[in-house]
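Enquirer: Structure for this input, please:
(chains A and B)
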Amino acid sequence: MTATTEASSTRTDRGIAVELTDLRRVYGGVAALDGLTLHIEPGEFVALLGPSGCGKTTALRCLAGLEDPDSGTITVGGRDVTSVPTSKRDMGMVFQAYSLFPHMTARQNVEFGLELRGQDKTARRARAGEMLDLVGLSEHAEKYAHQLSGGQQQRVALARALAIEPQVLLLDEPLSALDAKVRTQLRDEIRRIQLEVGTTTLFVTHDQEEALAVADRVGVMSTGRLEQLAAPAELYSAPVSPFVADFVGLTNRLRARIEGGRAQVLGGSVPVLPGSAAGPDVVLLVRPEGVEVAPASGAGSEPGSATVESASFLGGHGRVIARTAAGEVVTVQVPNTDVTKYHAGDRVVLSPRGDAALAVAAD
Amino acid sequence: MSGRSRFRRRQRAFRWVTLSLLLAFFALPLLGMLEFTTQGRGGEGRTLDTWRTLADVSTVSLEYPALREGFLASVGLGVVTPLVMLVLLVPTMTWVRLRLPGLSRTVEFICLLPLTVPAIVLVVGLTPIYAWVYYLVGSSTLWLSLAYVILVLPYAYRALDAGLRAIDVRTLAEAARSLGAGWATVMWRVILPNLRTAVLSASFLSVALVLGEFTIASLFSKKNLQVAMFELGKSDAKVSVAVGLAALVFGFLVLFAMSFVGSRAAGPSRFSRFRRSRKETPA
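Expert: Residues are numbered from 1 along each chain as shown, chains lettered A, B, ... in the order given. Now for the predicted structure:
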């Protein structure tokens, strides 16, 4: 979320607008893209997030020209590129699988696209050096792919994609093969570099933390359609559908009652988000950090009373899972210093913090 | 401890015995050929006359023109056959892998089919086609390469398939295309360099098969080295056997040279890998 603020303040104007309009792509009767429409602002970093098979990679591949949509149009900078071959689209791409050419060194890999564009050797060398420097791999320029770690290979792939000064940078789950620590480092590096070069970027991932951390806007996809496209904070705090609420972050599904435009839940009331079900009986989608927990003081019959099932320390924060008298299981996020206060079997009282939540029709 | 060393000694001895038996199996016929070609008149004494004759190119050309013709034809076929095979198979197999993976079984079946077709059946099938080829473009022995390409398909397919399986063709091709490469550049600059070993293996096998092929050439009444040797054997057995031995050694040297070139071709990377790994190894 900090990244978003940074983005708007430091983004350069070198990017170009991208527009996918009503894209459809069907594989053997299954629609991978079912009327996808997406607009990306010049220089914007948009992440497409969704479960496997939701169509996010197909959307990216259609934009790259590696797949042909059955219908719909793709425009880049106002130019229709729907039928333009991949090699003429001027887009840099980093793949999920390691894609460095094994018979070339890191430098030769970065120079490859420049050579195809007819740049002379001196200019190529200079540009490749610049790009390798940008990704912090100058000293590995003469190494082959098998001599580089996974993270280094993806950095070189990023340098190679950026060296040609593409109109659009496409990142197809480039971090998924890396271990957690490298993934976080490279994720932040990708964002830093994107802000530096200002290229319009489409990033496909199934990792919500990754998407929320780096993108200006995140699009959540389901069954070939865009469910919601919004800034990370908005996506998290104001999901427009149960799917988005469920997919992005943890969500408690709690029975509630709508009265006077507010939802009565766990002995308290919270405002409901626009687009919520009318009620009166609804299921409220509440984030773990939208619930407070405190040790019970009474006999345990007060509203929101529950029994702790488990309490876990998760590093930066803690998590308490409690079961209410009505049998609902509620996950509560607590400060990591508080987590040791709770043990399985303890009586506690749960209450809503008051953040607006999405209400959906009760089953 | 002593039990283990005894086991190792026995294992080493077994290895040497097996290797020696194998060497004997291959070497004895060759030694027999050498012995026969160095026999003096009436089987008495030793002479290198046969080998001296063979070493003299002008004498061979004059006295054994059929041998010269067969040798040149086999060399030509040894060059043309692998080339045609590579031009046909590498792009087809790459394309099938990239764009038509559903067809890979069919292509494999077609490529392996010649293994099950006897040479005589192949000749019967090809005869009308060759009749047209001879009629339209002449009857050069080099046209045999078309039949030989069919013969080498199963071996070449296996070698190339192993090479293609070893690399992520699809991702490499897509990466190259996204950088602006057309299909020809993808093939020439990205796929082929990574298939070097497989291409060389397929070529070795093709050359080996061409140098040893007799049946099809004979049935088509064409003169390659094997046919020439066979015909020569009727009139001059010693020279024929000497040529056979020389052809075997020549074939062995060609394959050895090709494999050496292959390891050098993959070499810059392999060699530098080795050099780098030595450099990077802490003292």
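
Enquirer: Point me to the residue of the stretch 101-250 of chain B nearest chain A.
Expert: Nearest to chain A, among the residues of the stretch 101-250 of chain B, is B:L179, at 3.6 Å (C-beta to the nearest C-beta). From N, CA and C alone the C-beta is placed, and that goes for glycine too.

Enquirer: can you count the residues close to that residue?
Expert: With neighbours defined by other C-beta atoms under 10 Å in any protein chain shown, the count for B:L179 comes to 30.

Enquirer: for the closest residue to it other than its chain neighbours, what are its contacts?
Expert: Setting aside the residues directly before and after it, B:L179 is nearest to A:G113 in space (C-beta to C-beta, 6 or more residues apart in numbering or on different chains), at 3.6 Å. By C-beta atoms under 8 Å, 6 or more residues apart in numbering or on different chains, the residues touching A:G113 are A:92, A:160, A:163-164, B:179-180.

Enquirer: in chain A, what spans have low per-residue confidence?
Expert: In the predicted model, chain A carries pLDDT under 70 at residues A:1-14, A:298-301, A:363.

Enquirer: Break it into its domains for me.
Expert: Taking automatic domain parsing as the reference, chain A has its domains at A:2-242, A:250-361.

Enquirer: so which of the ones you listed comes closest to B:V186?
Expert: Evaluated with C-beta to C-beta, these place domain A:2-242 nearest to B:V186, the distance being 8.8 Å.

Enquirer: circling back: verify the contact between the residue of the stretch 101-250 of chain B closest to chain A and A:A157 for me.
Expert: No - contact criterion C-beta atoms under 8 Å: B:L179 and A:A157 do not qualify, at 10.5 Å.

Enquirer: From the contacts of A:G113, which land in helices?
Expert: A:160, A:163 (DSSP state H).

Enquirer: Determine the three-state secondary structure at A:E19.
Expert: strand (DSSP: H, G, I helix; E, B strand; the rest coil).

Enquirer: swap in the one 3 residues further on?
Expert: State at A:D22, reduced to three classes by three-state DSSP: strand.

Enquirer: what's the spacing between stretch B:57-71 and its chain's center?
Expert: On the basis of C-alpha atoms, centre = their mean, to the nearest Å, stretch B:57-71 sits 24 Å off its chain's mean C-alpha point.

Enquirer: Now do the helices in the stretch 51-200 of chain B.
Expert: Secondary structure of the stretch 51-200 of chain B (DSSP state H, counting those that start in this stretch): helices at B:57-63, B:65-99, B:104-112, B:119-137, B:144-166, B:169-178, B:183-185, B:192-194, B:196-212.

Enquirer: out of these, which comes closest to A:E196?
Expert: Closest among these, using C-beta to C-beta: helix B:169-178, at 21.2 Å.

Enquirer: Name the residues that touch that closest one?
Expert: With C-beta under 8 Å, 6+ apart as the test, helix B:169-178 has contacts from A:64-66, A:85-87, A:89, A:91-93, A:95, A:97-101, A:112, A:157, A:160-161, A:170, B:94, B:97-98, B:185-186, B:189-191, B:194.

Enquirer: now, which of those residues lie within strands?
Expert: Applying DSSP state E to the contacts of helix B:169-178, the entries found in strands are A:91-93, A:170.

Enquirer: which two in those residues are spaced the farthest apart?
Expert: Using C-beta to C-beta, the ones in strands among the contacts of helix B:169-178 span at most 7.0 Å, a distance reached by A:G92 and A:L170.

Enquirer: Can you pull the residues that touch both of the two?
Expert: Residues touching both A:G92 and A:L170 (C-beta under 8 Å, 6+ apart) are A:161, B:178.

Enquirer: mind checking how far the residue of the stretch 101-250 of chain A found nearest chain B is from B:I120?
Expert: In the stretch 101-250 of chain A, the residue that lies nearest chain B is A:G113 (3.6 Å; C-beta to the nearest C-beta). Going from A:G113 to B:I120 by C-beta to C-beta, to the nearest Å gives 54 Å.

Enquirer: With B:W95 instead?
Expert: Relative to B:I120, B:W95 is positioned 33 Å away (C-beta to C-beta).
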